[in-house]
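1. What would the 3D arrangement of this be:
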Amino acid sequence: MLPTNRLFSIIQLLRNARYPVKAQQLADKFEVSVRTIYRDIAELQNQLVPIHGEAGVGYVLKPGYEMPPLMLTANELEAVALGAHWVSQRGDKYLSQSASSLLEKIKEVVPEHLQSVVLDTNLVSANFAQAVEDSINMDDVREAIRQQNKLFIAYKDVKENISHRIIWPIMVAYFHSVRLVVAWCESRQDFRHFRTDRINKVEVLAENYPRSRQILKLEWQQKEKISLPQTNSQ
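-> I've put the predicted structure just below:
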């Protein structure tokens, strides 16, 4: 079990316990050493979780305590802050605004002693090129991906030729200066990559594409020989 998950589990166990829980009981439960439990309890107390303990008696959690929405370590906060800063600088307009809003919300809910990690991070994302402006509403594109809706687009190629296509969007790839919509193109009957700054028009169609987005994404990965990070969500 990951340390962060164990911290959540310790809180949950103490919340449900009718009597004090000894460190050895926690160690046996989570298959770690008693010393590790001591460190975990100290970490939770540093995060202002009201856990009280007495030698020979055990640990108790103050009644009525509700877990905060976020309990992150300094390293985890730096990872979130770095990612959000990158998105605020390199995402499309709407995603950039959401990243900035996320940082403000995180600042409000993390313990005071960790707020400096968000406000004054030691990690920066370097910007070497100016990001191009999208000519469409990327919120519409991302919602179409989530709902698996087809898109009708007017696309301008490198030679300034305009074509009209119906595509099945499966993901958006964000690079330092450009963004690509990865999609199955009905007219080409193959996967294509569309630069968002060259999409002159987009219309979300009511029709869903007939195949699973996850299956399409796997087929695209196999075709392009690309491995994407694995997550627990679909």
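2. Now do the domain split for the protein, please.
-> Annotated domains of the chain cover 3-61, 74-119, 138-224 [automatic domain parsing].
3. what about Thr36, how many neighbours?
-> 16 (other Cβ atoms under 10 Å). From N, CA and C alone the C-beta is placed, and that goes for glycine too.
4. which ones are touching it?
-> Listed by Cβ atoms under 8 Å, 6 or more residues apart in numbering, the contact partners of Thr36 are Ala27.
5. How about the helix or strand where it lies, which residues are buried there?
-> Per DSSP states H and E, Thr36 falls inside helix 34-46. Residues 36-37, 40-41, 43-44 are the ones in helix 34-46 that count as buried (16 or more other Cβ atoms under 10 Å).
6. by contact count, what packs against whatever helix or strand comes next after that helix?
-> Going down the chain from helix 34-46, the next helix or strand is strand 51-54, by DSSP H and E. Applying 3 or more Cβ pairs under 8 Å, 6 or more residues apart in numbering; DSSP states H and E, we find strand 51-54 packed against helix 34-46, strand 58-61.
7. which residues of this protein fall in strands?
-> Assigned by DSSP state E, the chain shows strands spanning 51-54, 58-61, 149-156, 162-174, 179-185, 190-195, 199-208.
8. Each with direction, which strands does the longest one pair with?
-> It refers to strand 162-174. Strand 162-174 has the following strand partners under DSSP bridges: strand 149-156 (antiparallel), strand 179-185 (antiparallel).
9. between these, which one is nearest to Asn208?
-> With Cβ to Cβ as the measure, strand 149-156 is the member of the strands paired with strand 162-174 nearest Asn208 (5.9 Å).
10. if we look at that closest one, which residues are touching it?
-> Residues outside strand 149-156 that contact it (Cβ under 8 Å, 6+ apart) are 141, 143-144, 162-169, 183, 194, 198-209.
11. Only whichever of those are buried, select them in ChimeraX.
-> The ChimeraX command for the buried members of the contacts of strand 149-156 (criterion: 16+ other Cβ under 10 Å) is given here:
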select :141,144,165,166,167,168,169,183,194,198,199,202,204,209
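12. ok, the residue most central in space within the chain - contacts?
-> With distances taken as Cα atoms, centre = their mean, Val80 lies nearest the centre of the chain, 8.3 Å away. Going by Cβ under 8 Å, 6+ apart, Val80 touches 72, 102, 106, 118.
13. before we move on, the earlier item: mean pLDDT lowest for which of the domains of the chain?
-> For the domains of the chain, the weakest mean pLDDT is recorded on domain 74-119, namely a mean of 79.
14. just how off-centre is that domain within its chain?
-> Here domain 74-119 is found 11 Å from its chain centre; the criterion is Cα atoms, centre = their mean, to the nearest Å.
15. Can we start the residue count at 37 from this point?
-> Fine by me, first position is 37 from now on; the one you just mentioned is domain 110-155.
16. number of nearby residues for Lys186?
-> By other Cβ under 10 Å, the residues close to Lys186 number 20.
17. Could you pull up the residues touching the residue lying closest to it once chain neighbours are set aside?
-> Leaving aside its chain neighbours, Lys186 sits nearest to Leu241 (4.3 Å; criterion: Cβ to Cβ, 6 or more residues apart in numbering). Contacts for Leu241 (Cβ under 8 Å, 6+ apart) come out as 185-188, 202.
18. ok, the residues you listed vs Pro86, which is closest?
-> Closest to Pro86, out of all of these and judged by Cβ to Cβ, is Asn185, at 47.5 Å.
19. List the beta-bridge partners for that closest one.
-> Judged by DSSP bridges, the bridge partners of Asn185 are Asn244.
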